[in-house]
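> Model the following, please.
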Amino acid sequence: MRGFNRLSIQSKLMSMLLAVSVGSIAVIAYEGYRSGRNAIRDTVVNQLVSVRASKASLIENYFRSLRYEVQVVGGSPSTITAMKEFSSAFSTVLAEAADTEAAATSGNIRQYYRDEFASRLAENTGTSVDADTFLPASTLARYLQTQYIVNNPDPVGEKEKLDNVDDGTKYSTLHERYHPIFRDIVEEFGYYDLFLIDNDGNVVYSVFKEVDFATSLRIGPYARSSLANAYRDAQKQNSSYIALSDFAAYTPSYGAPAAFMAPPLSNGTALVGVLTIQLSVDEVNEVMTSNGNWSEEGLGETGETFLVGADQTLRSDSRLLIESPEEYFAALTRQQVDPATIEAIESLNTSVLNQPATSDAV
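All right, here's what the predicted structure looks like:
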């Protein structure tokens, strides 16, 4: 302070002006920084809100299109006819086929459930599986599963390739006629599977021939499944209604997440059955990831959009799981996610229904 007092008036004035200038520059710089930071933040937030709104619109349009597709397929006269004919033929299989008892009671089907189904299900879910719990109780279901699944020369995941088992039944004749049509529908629209279910709750036809084929949705291991829930919901509605179940782990698909959409099938005013399609997470992932083009949508190197269910678990896959699985599982370990959850994600190769989403943003 003494040094300042010894300065000339001119020097003092210069020092004061310099101090004022530096202070003004500092204030202006800070305000500019704060204004720029807020502008950048607002721009990023607006961009994220725009992406969110766009994805919401896309996913709603996807399900709207699905409803329209299913309504068209379910309203087709050929689908109605197929439903009626399969229902009738299903009930006469045992009377028409030779050696139905031998095929149904042979050890082949029990071995298939033990070696193929139960082992795969246990591997995917990480739990012990009793194969006999899922073995069909009825002779009819065992016979048809033996013919179309167990004795089918195509491997698991490709059972849909078989058109005719040539067992002399009306059912096999109908299967040869309609199966290529329904198989094309599934492939064209990207469904996981398609079912025809009669008024008694029997799955009288399916495209991919998993272990729910020919079983009952009223009794047995799948009576409380999401497929059965969609069927029951559709059966008690009018012809314009389409039931939709949320994604849930589906046992016949080895624990993979599955959702179902089901319209009732009516011949005039008479209900003849229910058409059901099974949805996989793949189509939803394509919508949410824009086929993996996150950067092109302005989400940079790490940004992503994802769906979250009411149970606060994912309904679409994590970007990190798709792009860098090793880094993804390492991150889950650092976050102390339950090891059983990590194992389930790794086994099924999907974070859907497994990864919790409980952040403030969610």
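> Local confidence estimate at the closest residue to residue 112 other than its chain neighbours?
Nearest non-adjacent residue to residue 112, counting by CB to CB, 6 or more residues apart in numbering: residue 150, 4.6 Å away. All C-beta spots, glycine's among them, are computed from the backbone N, C-alpha and C. If you check residue 150, the pLDDT there is 95.
> tell me the phi and psi of residue 150?
Dihedral pair for residue 150: phi -70, psi -50, per degrees, to the nearest 10.
> how much space between it and residue 123?
Plainly put, residue 150 is 20 Å away from residue 123 if you go by CB to CB, to the nearest Å.
> Compare these two and say which one has the larger neighbour count.
residue 150 (18 against 14; other CB atoms under 10 Å).
> Identify the residues contacting that one.
Residues near residue 150 by CB atoms under 8 Å, 6 or more residues apart in numbering: 108-109, 112.
> a markdown table please, covering those and showing neighbour count, distance to residue 54 and secondary structure.
What follows is those, written out as a markdown table (neighbours: other CB atoms under 10 Å; distance: CB to CB, whole Å; DSSP: H, G, I helix; E, B strand; the rest coil):
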| residue | neighbour count | distance to residue 54 | secondary structure |
| --- | --- | --- | --- |
| 108 | 15 | 52 | helix |
| 109 | 22 | 49 | helix |
| 112 | 21 | 46 | helix |
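> ok, those vs residue 269, which is closest?
residue 109 (39.7 Å; CB to CB).
> Distance-wise, check that closest one relative to residue 175.
19 Å.
> how near is the residue nearest to residue 112 to residue 115?
Distance of residue 150 to residue 115, given as CB to CB: 11 Å.
> Same question for residue 18.
Residue 18 is 88 Å from residue 115, where distance means CB to CB.
> nearest residue to the residue nearest the centre of the chain other than its sequence neighbours?
Note on the chain: the residue nearest the mean C-alpha position is residue 281, at 2.9 Å, using CA atoms, centre = their mean. Leaving aside its chain neighbours, residue 281 sits nearest to residue 352 (4.8 Å; criterion: CB to CB, 6+ apart).
> The one you found is in contact with residue 249, isn't it?
No - with contacts counted by CB atoms under 8 Å, residue 352 stays clear of residue 249, the gap being 9.4 Å.
> Run through this structure and note the low-pLDDT ranges.
For the chain, the stretches with pLDDT under 70 are 1-7, 12, 35, 39, 99-106.
> can you give me the strands in it?
Taking DSSP state E as the criterion, the chain contains strands spanning 193-197, 203-206, 243-250, 256-262, 264-267, 270-279.
> and the angle from the longest helix anywhere in the chain to strand 256-262?
Scanning the chain for the longest helix, with DSSP state H as the assignment, gives helix 9-75. Going by axes from the mean of the first three to the mean of the last three CA atoms, to 10 degrees, helix 9-75 is angled at 60 degrees with respect to strand 256-262.
> which other helices and strands contact helix 9-75?
Of the remaining helices and strands, those touching helix 9-75 by 3 or more CB pairs under 8 Å, 6 or more residues apart in numbering; DSSP states H and E are strand 256-262, strand 270-279, helix 281-289.
> Throw these into CSV and include distance to residue 316, thanks.
Listed next are the helices and strands packed on helix 9-75 as CSV, based on distance: least, CB to CB, whole Å:
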stretch, distance to residue 316
strand 256-262, 10
strand 270-279, 12
helix 281-289, 4
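> To residue 341, which of the ones you listed lies closest?
For these, proximity to residue 341 was assessed by CB to CB; strand 256-262 is nearest, at 13.9 Å.
> Alright, calling it a day.
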